[in-house]
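Trainee: prediction below, plus the sequence it came from.
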Amino acid sequence: MIKLFRKIRYNLMKKGKTTKYLKYAIGEIILVVIGILIALQVNNWNTNRVDNSNEEKILLELKKGLQLDKEKMEVQLVKCKQAVRQMKKLQQLLQDKTYPYSKSLDSLFGEVYGIRKVFLNRAFYEDLKATSLRIIKNDDIRLQIVQLFEENYVEMRDVFSVAEPSINEVTRPYYLQNFNNIKLWTSATPNNFESVWKDTYYENIVAYRILSLEVNQLDVYSKTIPVIQKLVDDINSYLE
């Protein structure tokens with residue numbers, strides 16, 4: 001088509017028809033511009049198609065990781081609630097200093113000892129933040145992702161890396177000195193039952209452990225699980 005315009009333009013110049021020559025020259029320019037615009041549009045379409053495909057892959061991978069984390073939290077939430085119930089039972093029994101020892105008490109003693117935590121996946125988010133967070137076009141979903149990992153997950157990390165170890169610094173020395181056959185969260189047998197049972201310091205350990213689980217883990221799991229669920233639901237709706 002461009003060759004045809006050029007040939008016509010050349011013939012018009014030869015014949016001295018300047019006005020018609022200019023019209024054809026302008027037509028040739030317009031044709032070139034249209035061709036460039038079409039090429040750019042095709043390129044943008046291809047780029048958007050690739051971006052949409054990458055966005056979908058990222059969101060599906062993120063959703064998969066979040067669902068795994070949510071399942072871990074739900075399991076740990078149930079375990080923590082059970083532990084708190086058992087420890088409160090022990091706390092109540094400790095009020096009776098004449099209560100006799102029985103082997104069933106070992107399971108209550110065991111609930112108090114040990115760090116409780118879950119291992120969550122932040123690596124995918126860190127990679128996403130560093131490379132391709134902007135590829136997620138939905139502003140609300142992108143904001144939810146950032147808030148979840150920068151707020152909820154950071155709070156949970158602090159519970160696991162600061163609060164739980166500090167609690168363990170209190171419970172561990174006492175248990176290693178006063179208990180045997182220790183199995184984390186399962187059982188512990190007192191070396192001298194009467195000594196432990198009447199020890200107000202041990203009562204404080206039990207009360208402290210209950211408080212730490214309620215204020216830290218039960219609270220953070222209860223807040224984070226619905227946040228994850230909402231994000232997963234919104235991702236599903238967005239990808240439909």
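Mentor: Looks like it came in fine. Numbers count the residues shown, from 1 in each chain.

Trainee: only C-alpha atoms from now on, for both contacts and neighbour counts.
Mentor: Will do.

Trainee: look up how far residue 225 lies from residue 218.
Mentor: Separation of residue 218 from residue 225 (C-alpha to C-alpha, to the nearest Å): 11 Å.

Trainee: where does pLDDT dip in this structure?
Mentor: Along the chain, the model assigns pLDDT under 70 to residues 1-53.

Trainee: any chance you could map the strands in it?
Mentor: Secondary structure of the chain, counting by DSSP state E: strands at 179-183, 187-190.

Trainee: please identify the deepest-packed of the ones you listed.
Mentor: Using mean count of other C-alpha atoms under 10 Å, the stretch among those with the largest mean neighbour count is strand 187-190, at a mean of 22.

Trainee: so which elements touch it?
Mentor: Here strand 187-190 touches helix 105-112, strand 179-183, going by 3 or more C-alpha pairs under 8 Å, 6 or more residues apart in numbering; DSSP states H and E.

Trainee: distance to residue 166 added to the ones you listed, as JSON lines?
Mentor: Below are the helices and strands packed on strand 187-190 laid out as JSON lines (distance: least, C-alpha to C-alpha, whole Å):
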{"stretch": "helix 105-112", "distance to residue 166": "14"}
{"stretch": "strand 179-183", "distance to residue 166": "20"}
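
Trainee: for residue 148, which of the ones you listed is the nearest?
Mentor: Smallest distance to residue 148 across these (C-alpha to C-alpha): 30.1 Å, for helix 105-112.

Trainee: name the helices or strands packed onto that closest one?
Mentor: Applying 3+ C-alpha pairs under 8 Å, 6+ apart, we find helix 105-112 packed against helix 18-93, strand 187-190.

Trainee: need the residues that contact it.
Mentor: 83, 86-87, 89-90, 171, 182-190, 206, 209 (C-alpha atoms under 8 Å, 6 or more residues apart in numbering).

Trainee: ok, 7 Å please
Mentor: Helix 105-112 has contacts (C-alpha atoms under 7 Å, 6 or more residues apart in numbering) with 83, 86-87, 90, 182-189, 206, 209.

Trainee: reformat the strands of the chain into TSV and put distance to residue 57 next to each item.
Mentor: Formatted as TSV, the strands of the chain follow (distance: least, C-alpha to C-alpha, whole Å):
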stretch	distance to residue 57
strand 179-183	43
strand 187-190	45
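
Trainee: residue 131 is nearest to which of those?
Mentor: Nearest to residue 131 among these is strand 179-183; the distance by C-alpha to C-alpha comes to 43.9 Å.

Trainee: C-alpha coordinates for the closest one, PDB please?
Mentor: Output of strand 179-183 as PDB, limited to C-alpha atoms (Å, rounded to 0.1, in the frame of the first residue of the first chain):
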ATOM      1  CA  PHE A 179       9.500 -32.600  87.000                       C
ATOM      2  CA  ASN A 180      10.600 -35.700  85.100                       C
ATOM      3  CA  ASN A 181       9.200 -37.700  82.100                       C
ATOM      4  CA  ILE A 182       8.400 -34.400  80.500                       C
ATOM      5  CA  LYS A 183       6.600 -34.600  77.200                       C
END
